[in-house]
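Participant: kindly generate the corresponding structure for this input.
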Amino acid sequence: MKREHSYSLVKRLILIVLALLGSLLLLQAGCMLWGKTIVTREIYTSAQNNVVYLCDAFEQNLKQIRLGISERFFLCEHPPLIHFYVRMQQHSLDDEAQYQWTVKEILSEMKMTRTAYSLMDELVVYFPRLQIKLRSTADSNASTALGIEAGEVEAILSDVAQQTQLLAKDDSGFYLAYTYPETIQRNDSVRILMAARLNQQNIQRLLSDFNTYSGQNALVYHHATGSHVKSINCMELTDEDWRKLFPAAPTEASRQANVSLSSGSYVAMYSYSTLLQCSFVQLIPDPMINSVPNLLLNSMLVLCAITIVILILILHTLQRYVTSPIREVVSALHLAGKGNFDIRVTPQRSREYDALAKGFNHMALQLNEWINTSYRQTIMLQQAEMKTLQAQINPHFLYNSFFFLRSMLEEEQTEVAAEFSGYLGRYFSYLTSGKKDLLPLEQEYDHAIVYLKIQLMRFGETIEAEIPELPENLRRLRVPKLILQPVLENCIEHGRGGMGEKELIRISIRQEGERLRITVENSGKAVDEELLRRLREMLDKGNDDSRTTGLANVHRRLQLFYGPDSGVELAISSLGGLSVGLKIGGESHDASCSAGR
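Facilitator: The predicted structure follows:
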């Protein structure tokens, strides 16, 4: 019969993996570009919102200053400035002492107002018709009332008329103006004029505090006068830079633009206040605003590269550790197959598995002879499980112990370190003490207590133990190696409670007729009936669960040595946690006792 064309399973697997890898990389590239776009958009939105918030916060501060001035001096029940003006007009303050006292009261209120607002530098009150000027910074021991210089009031009123009362600008800086009456028909109708001058350094600090990015390139630009205030350590801007930043009057409340200045390329975030006639701007260097998206892109590129390398290694591993071992097994099966048996394996089209099937069919001829060797295989299984358990215990326990020993040496607790080293030596000496699986209970119990003392030294503040003396008549009883330590390890690892709770571990040993029972219980995490049922089920099925893996191993080994009536028994401890009992008994138990005598 003509043989169908066969193919290599591994080669086809490689082709499938490469096809999936190509699709994955294309999808990942699309996700990278999409992610960069989304992140960049979010960064721009965040920066824009930051500038809008800066504008709103500055505007709100000025409104609060103006409202505070209005409530303190003009809208209260006894407005001090209006009363002063009226009394001066009525000549009821001709007495010098009374006049000075009234002026000092007003100055005191002005100083309190100035200190109430961090942005305010000075408060000045003008009485044009009285030709009197009061300054909040005046010395209370000197002449407190000053004369008004020629054109001083007119200049302020002119600035207010051309700009805005909420924020005006002259040679001395920015200020807020308040007039009484508020509606001005002409300059000579003003009875009281108040100017709250702002502190430029505090404005700079406010700009710096709201700055999100390093460089602190935040500024406020006053369109009516062309003046500006920059944040602390803001970069220097040339006249050409200012023209590029503000080429025309603003038409939008907020916007963003890319500008090329003398010091580099920037993204400018604008927020315009029509009430203040000011633009708040933050300049973010292009490399800085793109650094996060670029970092994300680079990270994803590195991830792609790592993925490719890992997949190449996986393919190489498949070639080395799958194909080659199969060929080895095929060769071994050809050597082992010498007879004939009823069971057959259907050959597959894959060359490797076709050869493997032929070898298995030859091996099946000798299956009856292998059944006779089942006891030897059971012993080998026990030894394999023993070695597996040792391999599981050694590495994890070793490096944790070294870390603790190093900590003790760093803290110069040499006596503790010496004691700990002694226990550790005894511990590993027992683990490597030959290939015997049956040892006297005295040695197994001593090893378990050494392990417990090591853990007590490491977790002494959270664990305490009740350790009974091993009865003399049980000391030479031979038991499987490493049946007690996994129980203690499980108790310590899964029994500790929350912060501040101390776990109690209690060991009890008693003989029940021909059976020995060793019980380990704790006061750790509470165990209810439902949890106990699940743990027993996992123990019986031998599930690979962290809470029962070690116990399941001990359970199987005890049943192999002593029969199905022996093994691990779980119950709810009277201490509140879990109780783990080791039942050791039966014919093998009697034989072991005899062998140990």
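
Participant: I'd like to know how many residues surround the closest residue to L130 other than its chain neighbours.
Facilitator: Excluding its sequence neighbours, the residue lying closest to L130 (Cβ to Cβ, 6 or more residues apart in numbering) is M88, at 5.4 Å. For every residue, glycine as well, the C-beta is placed using N, CA and C. Around M88 there are 17 other residues, counting by other Cβ atoms under 10 Å.

Participant: quick one: contacts for M88?
Facilitator: 127, 130, 132 (Cβ atoms under 8 Å, 6 or more residues apart in numbering).

Participant: doesn't the second one fall inside a helix?
Facilitator: Right, L130. No. Per DSSP: H, G, I helix; E, B strand; the rest coil, L130 lies outside any helix segment and is coil.

Participant: before we move on, the earlier item: quick check: buried residues in the helix or strand hosting the residue nearest to L130?
Facilitator: Assigned by DSSP states H and E, M88 falls within helix 80-89. By 16 or more other Cβ atoms under 10 Å, the buried positions in helix 80-89 come out as 80-81, 84-85, 88.

Participant: could you check how far it is from the centre of its chain?
Facilitator: Centroid separation for helix 80-89 versus its chain: 64 Å, with Cα atoms, centre = their mean, to the nearest Å.

Participant: start at 38 instead
Facilitator: I'll keep to 38 as the first residue from here, and by that count the last item is helix 117-126.

Participant: what is the subsequent helix or strand relative to that helix?
Facilitator: Heading C-terminal from helix 117-126, the first helix or strand you meet, by DSSP H and E, is helix 133-153.

Participant: which helices and strands does that following helix pack with?
Facilitator: helix 46-110, helix 117-126, strand 157-164, strand 169-172 (3 or more Cβ pairs under 8 Å, 6 or more residues apart in numbering; DSSP states H and E).

Participant: mean neighbour count, these: which tops it?
Facilitator: A comparison of the helices and strands packed on helix 133-153 by mean neighbour count, using mean count of other Cβ atoms under 10 Å, puts strand 157-164 on top with a mean of 22.

Participant: what helices or strands is that strand leaning on?
Facilitator: helix 117-126, helix 133-153, strand 169-172, helix 189-199, strand 229-235.

Participant: whichever helix or strand comes after the fourth one pairs with which strands?
Facilitator: For helix 189-199, the following helix or strand on the C-terminal side (DSSP H and E) is strand 205-207. Strand 205-207 has the following strand partners under DSSP bridges: strand 210-217 (antiparallel).

Participant: what about the strands in the stretch 188-337 of the chain?
Facilitator: Taking DSSP state E, counting those that start in this stretch as the test, the strands found in the stretch 188-337 of the chain are 205-207, 210-217, 229-235, 255-259, 264-267, 291-298, 301-310, 315-322.

Participant: starting at the chain centroid, how far to the third one?
Facilitator: Centroid separation for strand 229-235 versus its chain: 51 Å, with Cα atoms, centre = their mean.

Participant: list of residues touching it?
Facilitator: By Cβ under 8 Å, 6+ apart, strand 229-235 touches 102-103, 106, 110, 118-119, 122, 156-165, 190, 193-194, 209-217.

Participant: that strand vs strand 210-217, what angle?
Facilitator: Put simply, strand 229-235 runs at 160 degrees to strand 210-217, going by axes from the mean of the first three to the mean of the last three Cα atoms, to 10 degrees.

Participant: CA-only coordinates of strand 229-235 in CSV, if you can.
Facilitator: C-alpha atoms of strand 229-235 as CSV (Å, rounded to 0.1, in the frame of the first residue of the first chain):
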residue,chain,number,x,y,z
ILE,A,229,-13.2,108.4,47.1
LEU,A,230,-10.8,106.4,45.0
MET,A,231,-9.1,103.3,46.3
ALA,A,232,-6.2,101.4,44.6
ALA,A,233,-5.2,98.0,45.7
ARG,A,234,-1.7,97.4,44.3
LEU,A,235,-0.6,93.8,43.6
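
Participant: return the list of strands paired to that strand, each annotated with direction.
Facilitator: Sheet pairing of strand 229-235 (DSSP bridges) gives strand 157-164 (antiparallel), strand 210-217 (antiparallel).

Participant: so for that strand, mean pLDDT?
Facilitator: Average pLDDT, strand 229-235: 89.

Participant: one step back: ranking the strands of the stretch 188-337 of the chain by burial, who's on top?
Facilitator: The most buried one of these (mean count of other Cβ under 10 Å) is strand 315-322, showing a mean of 25.

Participant: tell me which strands that strand pairs with, and in which orientation.
Facilitator: Applying DSSP bridges, one finds strand 315-322 paired with strand 255-259 (antiparallel), strand 301-310 (antiparallel).

Participant: redo these as JSON lines? Include distance to Q65.
Facilitator: Listed next are the strands paired with strand 315-322 as JSON lines, based on distance: least, Cβ to Cβ, whole Å:
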{"stretch": "strand 255-259", "distance to Q65": "38"}
{"stretch": "strand 301-310", "distance to Q65": "28"}
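
Participant: rebuild these as CSV, extending it with distance to E481 and mean pLDDT.
Facilitator: Converted to CSV, the strands paired with strand 315-322 look like this (distance: least, Cβ to Cβ, whole Å; pLDDT from 0 to 100):
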stretch, distance to E481, mean pLDDT
strand 255-259, 74, 89
strand 301-310, 73, 89
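
Participant: still on that earlier bit, which residue in the contacts of M125 has the weakest pLDDT?
Facilitator: L167 (85).

Participant: that residue: what's it in contact with?
Facilitator: So L167 contacts 122, 125-126 (Cβ under 8 Å, 6+ apart).

Participant: which stretches of the stretch 88-237 of the chain have low pLDDT?
Facilitator: For the stretch 88-237 of the chain, the stretches flagged by pLDDT under 70 are 176-182, 200-202, 221-225.
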